[in-house]
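Trainee: Have a look at this fold, sequence not included:
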């Protein structure tokens, strides 16, 4: 949980989401205490759980318990492994429009501007509607399955060798 991850804006998005919505923040880092304080300040602490670091062996269980995965980054992250993991788990993904994450998310309604809590909330509600789950799973399998990636690498090397 560092500033560049943009989790502050996800916490702030809870103000725009109706009461049934709950947020689970997985991970740890230098911003955890300030994020917990922000949740209290906004009156959202009962709706936000800070799980801390979760062993990698349990990540699949975390994804299985979720309805939506949100990547609220504010810096141009070059690649989002967690996004692919969440897609593979069948979760719809909400992300910001910076770096590589928007290239992985096929639905423009799930991509929002950076530092936009209201936009995140709207995209989360759309994602929760259930219309995008299968689309994301298919995208991961089609574009990022190991067999397909290896095939693309072999094709690239063949083109470069000619």
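Mentor: Arrived safely, thanks for sending. Only a predicted model underlies this, so the values are computations on that prediction, with no experimental measurement involved. Numbers count the residues shown, from 1 in each chain.
Trainee: C-alpha from now on. contacts and neighbour counts both.
Mentor: OK.
Trainee: Quick check: residue 138 vs residue 67, distance?
Mentor: 17 Å (C-alpha to C-alpha, to the nearest Å).
Trainee: Same check on residue 8?
Mentor: Taking C-alpha to C-alpha, one finds residue 8 at 20 Å from residue 67.
Trainee: more neighbours, these two?
Mentor: Neighbour count, other C-alpha atoms under 10 Å: between residue 8 and residue 67, residue 8 has more, with 23 against 16.
Trainee: Disregarding flanking residues, what is the spatial nearest neighbour of the more buried one?
Mentor: Among residues not flanking residue 8 along the chain, residue 35 sits closest, at 6.3 Å (C-alpha to C-alpha, 6 or more residues apart in numbering).
Trainee: That neighbour: what's it in contact with?
Mentor: The neighbours of residue 35, taking C-alpha atoms under 8 Å, 6 or more residues apart in numbering as the test, are 7-8, 11.
Trainee: Format these as TSV; extra columns: distance to residue 117.
Mentor: As requested, those are arranged in TSV below (distance: C-alpha to C-alpha, whole Å):
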residue	distance to residue 117
7	10
8	9
11	8
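Trainee: Of those, just say which sits nearest to residue 89.
Mentor: residue 7 (21.4 Å; C-alpha to C-alpha).
Trainee: Would you list the phi and psi of the closest one?
Mentor: Phi and psi for residue 7, reported as degrees, to the nearest 10, are phi -60, psi -30.
Trainee: Could you check how far it is from residue 48?
Mentor: 12 Å.
Trainee: Next: residue 84.
Mentor: Distance from residue 84 to residue 48, by C-alpha to C-alpha: 24 Å.
Trainee: who has more neighbours, these two?
Mentor: Comparing residue 84 with residue 48 by neighbour count (other C-alpha under 10 Å), the higher total belongs to residue 84, at 23 against 17.
Trainee: By mean pLDDT, point me to the weakest helix or strand of the protein.
Mentor: helix 133-144 (a mean of 68; mean pLDDT, DSSP states H and E).
Trainee: Quick one: name whatever helix or strand follows that helix.
Mentor: Where DSSP states H and E defines the elements, the next helix or strand beyond helix 133-144 is helix 146-161.
Trainee: what does that following helix contact?
Mentor: Taking C-alpha under 8 Å, 6+ apart as the rule, helix 146-161 contacts 142-143.
Trainee: List the buried residues of that helix.
Mentor: Going by neighbour count (16 or more other C-alpha atoms under 10 Å), nothing in helix 146-161 comes out as buried.
Trainee: For the residue lying closest to residue 69 once chain neighbours are set aside, grab the count of nearby residues.
Mentor: What sits nearest to residue 69 in space, not counting adjacent residues and going by C-alpha to C-alpha, 6+ apart, is residue 93, at 4.9 Å. Counted with other C-alpha under 10 Å, residues neighbouring residue 93 total 29.
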